[in-house]
Structures are given as C-alpha cells and as structure tokens.
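Asker: could you look at this predicted model? Sequence included:
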Amino acid sequence: MPRLRPFTVRGSAVATILAIILAACGGSTGSGAPTSSAGPSAPTGSAAPTGSAAPTKLSVGLGYIPSVQFAAFYRADQAGYYAAEGLQVAFQNEIDANLVPKVGQGSVDLGLSDGTSVIPAVSQGIPIRYLATIYAKFPSIVFAKASSGIRSAADLKGKKIGIPGKYGSSWIMLQALLASANLKVDDVTIVEYPDFGQGVAVTQGVVDAATGFDNNEPIQLSRTGQQVSVLRVDQITPLPRTGLVASTATIAAKQAAIGGFVRATLRAMNEIAATPSVGVDATVKAVPDLAKDKDLQLAILNATIDDWRKAGAASGAPVTGAIDQPGWQSSLTFMTSLGLVPKPVTVQDLVDPSFTSGS
C-alpha cells in the first residue's frame, strides 16, 4: 500500500515477506504499542452496544507510518463508530513484511495488506484471509514528467526506470505494464533506489520514469510545477488491491466484531468521500504534525478517496468494500506465471467475501 513520505514510497516486499513469514512462524511475535485507542461514546444516531458487556478488543495494523491515507480509521475511532459496534480498537503501524506474519499468528487481529502480499503468504501456509477491499484501484503506478513524452507502456522502451528494488507490488506492476506492450524487463534500464529516492531521480532527470503510488509522488511532483504523466495497470492486469486481512482463527473467534469493524470503517469512508475535510480533521487530530500542510493532506486524501472506488464508478458511488473475485483469479494466474506462488492456492483459499456486500 502507499507509504507516504516526500518522494519515497515503499512497496510491499513479497520476497522479503516470504523469508520473514517462514522465520516468524517458528515463534510468537508481539503486537507492538498501539498508536490510538477507541473513541468515546457512540455518536448521535448510532446504535450503542446493549447491556453491560465489555467491548471486544481489536488490534489493527494500518501499515508503515500514520498518515492521511488512514483517515477513515481515525474518523471511525474518534466519532465513536467502532464503540457503537461494541469495539475497543487499538492501532499500530507496520510494513507488510512485519504485519502479515503477526496477523497470521493472531497477535494482531486485523491488518491492511496488499493483495500481492496475501497470495504468496497463503501459498506458504500462513492462515490469513482477505476480508474487505479498501483500495478498489491498484495504487501502484509508473509516473514521469509529461515533458518526457511517456504516454503509454510502449513509450517505456529504452527508458531508465527508477524502482526501490526488484520485489513487491511495484515490481509486479511494472512487469505487467511492460508485458502489455510486449516489452520485457530487458527492454528498459532498471535503476534501483533502496533508499526510495526514485521520485527525486525523476525530478532531477536522472531517470525517465519511476514506480510510485498515485496518491503520493504524482501529487508531490505536480506541486513543483511539473505536469505529470501516469501509467496505471488496472485495465491490463487486475492486481489484488489493498484491503483488510485477518487470520482464520481470529475470524472464527471474533466474527461479529470483525463484521462491526468493517461496517464502521465503511461508514467513515463514505462520510469522508462526501466531505473530505472531515478526514483531514480526523487525521490532524490523530497525527498533529500533519497540520503543517493541510493542503497537501487534502490533495493526498482526495487521491486516496478516488482509489476507494472502482475505475469508472461515479464520484458519488458508495464504497462497499466488495471483493473482486474474478480479478483475484486473474491476479493469481499472473503471479503464478512470475513464480511468486510456491504452492498452488485457489481464490477461495485467499478471500472471505462474507463481510461485505456485492462480493
């Protein structure tokens, strides 16, 4: 999923995940310190939990660092939507490589994960399922200055492309994008930036294009006065998007609580989609440092909101969290062709559509 830092975006490292998952399966992993706790009493108009039963505690991993892309979770927390579902939620931030094994072990109840991480994890026997789609569009993209003349995947032939490394969702996306124009990796020059400096390299003209995320680098590059060209993979190969995951054991033990969490989160997502300033305010309350540039936060959030809806969906269409199972099958087939699925799995092994409508 997008990792929001100035011109530095970290993709989910599939190869790294496999190694860490195998090691992590040998012992328990702590859940870390939460960065937030559940909000106050239920908001007006919400159905508060009945009786005196204690709320169900859920630990939720949001990925990487606190940012405005998690505005819906902050809003649902602060407005009491989780509390109205009988939940006490604690957030923590982890990269996929750490979060996926924790979710699999049950030391974190729910987590945000790239689908490109879920597939190899389940293939390696990690008992997790994808429960709800948060990003209906695949946010990983190739971007370039418009002045580069890059308008399509075919235009990448012979170009220098910056990328953090040959792993993860960005690397998978790039291969799919090149293949759509009958190009191979050998038809371009790959320049690796382990420090995630590929965005700066585009700005400085060191590379012609780079991988990134649609709600980060293009926004930041445009703020320098540059026109930006963006290439997406969605219409070529429907790679699995970022969504909520949980272990099969947690699903069995906390099914009702997970259902409440999904409902409350979708409620906040739709509220923010209608009024983005609500999401910025919730984020600033959760992460005060982000108040330094609210205009940037709003721009990032607007791009994130766009990713919550399917390509072609009307701007006011509701966010449902539905899982695109045919898309997952196509993704599984493509990732298998790249050798990223060590042991055969089916879509039914990967997703649980029972928590969302229209799945």
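Answerer: Structure received.
Asker: so is Val230 in a helix, a strand, or just coil?
Answerer: Following DSSP: H, G, I helix; E, B strand; the rest coil, we place Val230 in the strand state.
Asker: can you give me the strands in the stretch 151-300 of the chain?
Answerer: For the stretch 151-300 of the chain, the strands defined by DSSP state E, counting those that start in this stretch occupy 160-163, 189-192, 209-213, 228-231, 243-247.
Asker: mind putting those in a markdown table, mean neighbour count included?
Answerer: Quick note: C-beta positions are derived from backbone N, CA and C, even for glycine. Shown next, in a markdown table, are the strands of the stretch 151-300 of the chain (neighbours: other C-beta atoms under 10 Å):
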| stretch | mean neighbour count |
| --- | --- |
| strand 160-163 | 23 |
| strand 189-192 | 14 |
| strand 209-213 | 29 |
| strand 228-231 | 19 |
| strand 243-247 | 26 |
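Asker: distance of the residue lying closest to Pro276 once chain neighbours are set aside relative to Ala121?
Answerer: Among residues not flanking Pro276 along the chain, Leu301 sits closest, at 5.4 Å (C-beta to C-beta, 6 or more residues apart in numbering). Distance, Leu301 to Ala121, by C-beta to C-beta, to the nearest Å: 29 Å.
Asker: could you do Ala286 as well?
Answerer: Applying C-beta to C-beta to Ala286 and Ala121 gives a distance of 28 Å.
Asker: Thr133 now?
Answerer: From Thr133 over to Ala121 (counting by C-beta to C-beta), the distance is 17 Å.
Asker: before we move on, back to that, closest to Leu99 out of the strands of the stretch 151-300 of the chain?
Answerer: Leu99 sits nearest to strand 243-247 of all the strands of the stretch 151-300 of the chain, at 8.6 Å, using C-beta to C-beta.
Asker: what does the closest one contact?
Answerer: 100, 103-106, 109-113, 115, 118, 127-135, 254, 258, 261-262, 265, 321, 323 (C-beta atoms under 8 Å, 6 or more residues apart in numbering).
Asker: between Ala286 and Ala121, tell me which one has more neighbours.
Answerer: Higher neighbour count among Ala286 and Ala121: Ala121, with 26 against 21, using other C-beta atoms under 10 Å.
Asker: from what I can see Ala136 touches Gly312, true?
Answerer: No - counting by C-beta atoms under 8 Å, Ala136 does not reach Gly312; the two are 10.3 Å apart.
Asker: quick one, which of those two is more surrounded?
Answerer: With neighbours defined as other C-beta under 10 Å, Ala136 and Gly312 compare such that Ala136 has more, 24 against 8.
Asker: do a quick rundown of the helices in the chain.
Answerer: Assigned by DSSP state H, the helices in the chain fall at 14-24, 71-78, 81-84, 96-105, 115-123, 168-180, 198-204, 217-222, 248-253, 255-274, 276-286, 294-308, 325-337, 347-350.
Asker: now Ala71, nearest residue through space, not along the chain?
Answerer: Gly279 (3.3 Å).
Asker: could you pull up the residues touching the one you found?
Answerer: Val68, Ala71, Ala72, Tyr74, Arg75, Ile272, Leu301, Ile305.
Asker: same question for Ser123.
Answerer: By C-beta under 8 Å, 6+ apart, Ser123 lies in contact with Val341, Pro342, Lys343, Pro344, Val345.
Asker: if I look at the residue lying closest to the second one once chain neighbours are set aside, how far off is Met335?
Answerer: Think Pro342. Distances taken as C-beta to C-beta, 6+ apart put Ser123 closest to Pro342, at 5.3 Å, once the chain neighbours are dropped. From Ser123 across to Met335, the span is 9 Å (C-beta to C-beta).
Asker: and for these two, which residues touch both?
Answerer: Contact with both Ser123 and Met335 is made by residues Val341, according to C-beta under 8 Å, 6+ apart.
Asker: could you chop the chain up by domain?
Answerer: Domains of the chain are assigned by automatic domain parsing as 14-136+240-355, 140-231.
Asker: would TSV of the helices of the chain with mean pLDDT and distance to Asp155 be doable?
Answerer: Shown next, in TSV, are the helices of the chain (pLDDT from 0 to 100; distance: least, C-beta to C-beta, whole Å):
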stretch	mean pLDDT	distance to Asp155
helix 14-24	40	27
helix 71-78	98	35
helix 81-84	98	45
helix 96-105	88	31
helix 115-123	93	25
helix 168-180	90	11
helix 198-204	94	15
helix 217-222	93	17
helix 248-253	97	44
helix 255-274	98	33
helix 276-286	98	33
helix 294-308	96	23
helix 325-337	91	22
helix 347-350	97	34
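Asker: and those: which comes nearest Lys145?
Answerer: Using C-beta to C-beta, the helices of the chain put helix 198-204 closest to Lys145, at 6.6 Å.
Asker: which elements pack onto that closest one?
Answerer: Secondary-structure packing of helix 198-204 (3 or more C-beta pairs under 8 Å, 6 or more residues apart in numbering; DSSP states H and E): strand 140-145, strand 160-163, strand 209-213, helix 217-222.
Asker: contacts for it?
Answerer: With C-beta under 8 Å, 6+ apart as the criterion, helix 198-204 contacts 6-9, 143-145, 162-164, 191, 193, 207-212, 216-217, 220-221, 224, 226.
Asker: can you select the buried ones from the residues you listed in PyMOL?
Answerer: Provided next is the PyMOL selection string for whichever of the contacts of helix 198-204 are buried by 16 or more other C-beta atoms under 10 Å:
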select buried, resi 7+8+9+143+144+145+162+163+164+193+207+208+209+210+211+212+216+217+220+221+226
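Asker: from Val188, how far out is the nearest residue to Ala144 once chain neighbours are set aside?
Answerer: With sequence-adjacent residues excluded and distances taken as C-beta to C-beta, 6+ apart, Ala144 is closest to Ala209, at 3.8 Å. Taking C-beta to C-beta as the measure, Ala209 falls 9 Å from Val188.
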